[in-house]
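Chemist: Predicted model and sequence follow; I will ask about them next.
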Amino acid sequence: MIKLERISKSYGREPVLDKIDLTLDSGEIYGLIAENGGGKTTLLKIASVISEPDAGKVVIEGVNAARDPYYARRHVGYVPDQFGSYHYMTVREYMEFYASLCGLSGRKAKVVCENILGTMEIEDDHMDREVEKLSKGMRQRLCIARALIPNPDFLVLDEPFDGIDPVGRRQMYKICRNLAEEGKIILVSSHELGDMESLCTRFGFLKNGKIVAEGGIEDLYLQVNLGKVLSVTALSEVDAVLMNDFFRENDLITSVVRDHMVFHITGEFTAEEEADLLTEMINRKIRILEFSHVKNPLEEVFEAVVGGRKDEVVW
Amino acid sequence: MVNPIYAKDSLLANRSVRNIVIILFYNLILSIFGFAFLLGETRIARQSGTMNYSEMLNLYIIFSTVELGLLIFLIPGLTAISISGEREQHTLDLILVSEMRPMRILLGKLMSVLEMVALMIISNCPVMIMTLAYGGIRVREVIWLQVSLLLLTFTIACYSIFFSVLFRSSIVSVVASYIYTAFTSVGSFCITYLISFFDINSHSVYHVFFQRIVYLLLINPIVSYYVQMNSQIGDMTAVSSLLNMFDAAAIADDYVITNWFAFSMVIQVGLAMLALMAAAYFLEPMHRKVLRDI
């Protein structure tokens, strides 16, 4: 178990983190979400014991990291947001170098590295290639492989999906889920909310240095009182005007966000009410191109909790 | 087990062209000075019809002085990027999150610089041997001088590493290292000179105290080299001429003055070790807050 207790940190007079409490249990994949500069990387570095908080403590496997940082770090695998490597270093050398930093050498280091690279689906023919010449997805997997060398209980991933193609992302999900199944705790931050939703079991939204909303996706919907979000697309401008009037009259709808012909309507709808809404629009001869549930509710939570909506708010 | 940082730096340095170029230029510059000196001596010998072999001792002084100058010029540039460079390559956090202790990380960095300088010194042997051909200097003295140059490397490398830990940017840490090197080798001399100048001219009652300002020169690597070199070529008056310059002849019999070289080495190495320990303290991420609070 990892506990972050009342963590505060500021840069100069600018507070970045303000009394943050976070407890992570084994097998959990926790997604940390915030705006740019919202303190995600700072919190991840503090959790990885490579940055000291101004106040509060990090407890890893029952040990206060400030008291024994070396013990704490033995349990942490850290994947930074920027891939660090050296010129002219091959994949094999890269892995063996980090193995040697963890006290492994010779045959043992080789076996550990090969096993981990196998788990990460990095084939043998990549072993003698220079790290800097690998694809971004491959590099990211290599970075996770490096972080797994000390067999950590706690894996910290900062923006792991950045710049990776969909196939690479699916591989990353699989790897992370397998690691969580092994009992590892994964703390991940990303701007890619779709990835986060596919991967994480619990989310925390960071705003003004505090975790303002936390929980599984259903809990978050209740916490931020979002209701259900439906996406309705009008066929033409005339239909859009009629649709706007109709939504304005409807008491079930609590908010409408319009982007040209597309309306995102929010309310506490039951399935019957949704069906009635659709029927009523058809009866009013409003031509509808699309009527669906919003596919990425996490983004809606993010917009509600962390930032304002960018497009036109109708009312 | 070999220090992993040293092993990595050594491996990568051997693959890059940088070290080869540095060693090439190091030897090239020494060879140019040696060749120019021999050419001049030959020309004089042709004109005068006699060869003064005692002049050949100057070749040793020239080589050693150029070596000292090159090391003072090169080491801050090579070492002050050791930690800040890792930080800029985004690899420092990956090292820090491992089980490596900060002191071991720094020792690895230090070893790779010392290895580089040892390589430079060894590669320079064929050129240095020329000074032995004409007599006047012994192998033991040449070896002893090279050991002192390695100690000098150690001291400059230690505080360059300290600046490398202290500053995030490599450019800042390199500049800070050069400023500190300039302070110890030139600045300390200027300060001593200025203080003694005002002390002499003011006929101060504190002259007994102020003449001891000459001890500030114990941190000066060029003065240490000057004392050592003079002792090697048989001139034992180096320290007393220094004392005369600062009107401090009265303290000529002080224990520190009579053992100047040994004391200067102990002080310089001691300060360097303190800088290394401070660097190790500040490299530990859980102590960085102290730096921010300064």
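Modeler: Alright, I've got the coordinates. Residues are numbered from 1 along each chain as shown, chains lettered A, B, ... in the order given.
Chemist: can you pull the contacts of residue B:144?
Modeler: B:228, B:232 (C-beta atoms under 8 Å, 6 or more residues apart in numbering or on different chains). Bear in mind the C-beta positions are built from the backbone N, C-alpha and C, glycine included.
Chemist: how would you label it: helix, strand or coil?
Modeler: helix (DSSP: H, G, I helix; E, B strand; the rest coil).
Chemist: Wasn't residue A:289 part of a helix?
Modeler: No: counting by three-state DSSP, residue A:289 is not found in a helix; it is strand.
Chemist: And the pLDDT at residue 133?
Modeler: Picked chain A for this. Residue A:133 carries a pLDDT value of 88.
Chemist: nope, chain B please
Modeler: Confidence score, pLDDT, at residue B:133: 75.
Chemist: Distance check, it against residue B:40.
Modeler: Between residue B:133 and residue B:40 the distance, using C-beta to C-beta, to the nearest Å, works out to 17 Å.
Chemist: the more surrounded of the two?
Modeler: residue B:40 (12 against 9; other C-beta atoms under 10 Å in any protein chain shown).
Chemist: Tell me the secondary structure at that one.
Modeler: helix.
Chemist: ok, it to chain A distance?
Modeler: Separation of residue B:40 from chain A (C-beta to the nearest C-beta, to the nearest Å): 44 Å.
Chemist: Next: residue B:282.
Modeler: 12 Å.
Chemist: Show me the shaky parts of chain B.
Modeler: B:135, B:203-205, B:288-294 (pLDDT under 70).
Chemist: Around chain A, pick out the residues from it.
Modeler: B:1, B:4, B:7-8, B:11-12, B:15-16, B:89-101, B:284-289 (C-beta under 8 Å from any C-beta of the partner chain).
Chemist: just the buried members of these?
Modeler: By neighbour count, with 16 or more other C-beta atoms under 10 Å in any protein chain shown, those hold B:4, B:7-8, B:12, B:91-98, B:100, B:284-286 as buried.
Chemist: Which of those fall in strands?
Modeler: For those, not one is inside strands, with DSSP state E as the criterion.
Chemist: Just the ones of those in helices?
Modeler: Per DSSP state H, helices hold the following members of those: B:4, B:7, B:8, B:12, B:92, B:93, B:94, B:95, B:96.
Chemist: show me where chain A has helices.
Modeler: A:40-47, A:69-74, A:91-101, A:106-119, A:136-147, A:166-181, A:193-199, A:217-223, A:237-249, A:271-283, A:297-305.
Chemist: Which residue lies nearest the spatial centre of chain B?
Modeler: Central residue of chain B (C-alpha atoms, centre = their mean): residue B:152, 3.3 Å from the mean position.
Chemist: show me the contacts for that one.
Modeler: Taking C-beta under 8 Å, 6+ apart, we find residue B:152 in contact with B:68, B:71, B:72, B:221, B:224, B:225, B:268.
Chemist: Could you report the distance from it to chain A?
Modeler: Residue B:152 is 29 Å from chain A, where distance means C-beta to the nearest C-beta.
Chemist: Neighbour-wise, which one of the contacts of residue B:152 leads?
Modeler: That'd be residue B:224 among these, by other C-beta under 10 Å, with 26 neighbours.
Chemist: and for stretch B:17-27, what are the contacting residues?
Modeler: The contact list for stretch B:17-27 (C-beta under 8 Å, 6+ apart) reads B:13, B:70, B:74, B:78, B:116, B:119, B:120, B:123, B:124, B:127.
Chemist: Ramachandran coordinates for the third one?
Modeler: The reference is to residue B:74. With angles defined as degrees, to the nearest 10, residue B:74 sits at phi -90, psi -40.
Chemist: so how far is chain A from it?
Modeler: 21 Å.
Chemist: residues from the stretch 101-250 of chain A in reach of chain B?
Modeler: Counting by C-beta under 8 Å from any C-beta, the stretch 101-250 of chain A sits next to chain B at A:101, A:102, A:103, A:105, A:146, A:150.
Chemist: Pull the number of nearby residues for the spatially closest residue to the fifth one that is not a sequence neighbour.
Modeler: In space, and not counting its chain neighbours, residue A:146 is closest to residue A:98: 4.8 Å by C-beta to C-beta, 6 or more residues apart in numbering or on different chains. Residues within reach of residue A:98, counting by other C-beta under 10 Å, total 25.
Chemist: before we move on, what about the one 4 residues further on?
Modeler: Applying other C-beta under 10 Å, we find 21 residues neighbouring residue A:102.
Chemist: which residues does it contact?
Modeler: A:149, A:150, B:98, B:99.
Chemist: Check whether the second one really touches residue B:99, as I assumed.
Modeler: Yep, that's residue A:150 we're talking about. Yes: using C-beta atoms under 8 Å, residue A:150 makes contact with residue B:99 at a distance of 7.3 Å.
Chemist: so where's the stretch 151-300 of chain A shaky on pLDDT?
Modeler: Under the criterion pLDDT under 70, the flagged ranges of the stretch 151-300 of chain A are A:222, A:224-227, A:295-297.
Chemist: Pick out the residue of it closest to chain B.
Modeler: residue A:156 (8.9 Å; C-beta to the nearest C-beta).
Chemist: right, and residue B:160 touches residue B:75 too?
Modeler: Yes: counting by C-beta under 8 Å, residue B:160 touches residue B:75, with 6.6 Å between them.
Chemist: just to revisit the earlier point, specify the beta-bridge partners of the residue of the stretch 151-300 of chain A closest to chain B.
Modeler: With DSSP bridges as the criterion, residue A:156 is bridged to residue A:78, residue A:187.
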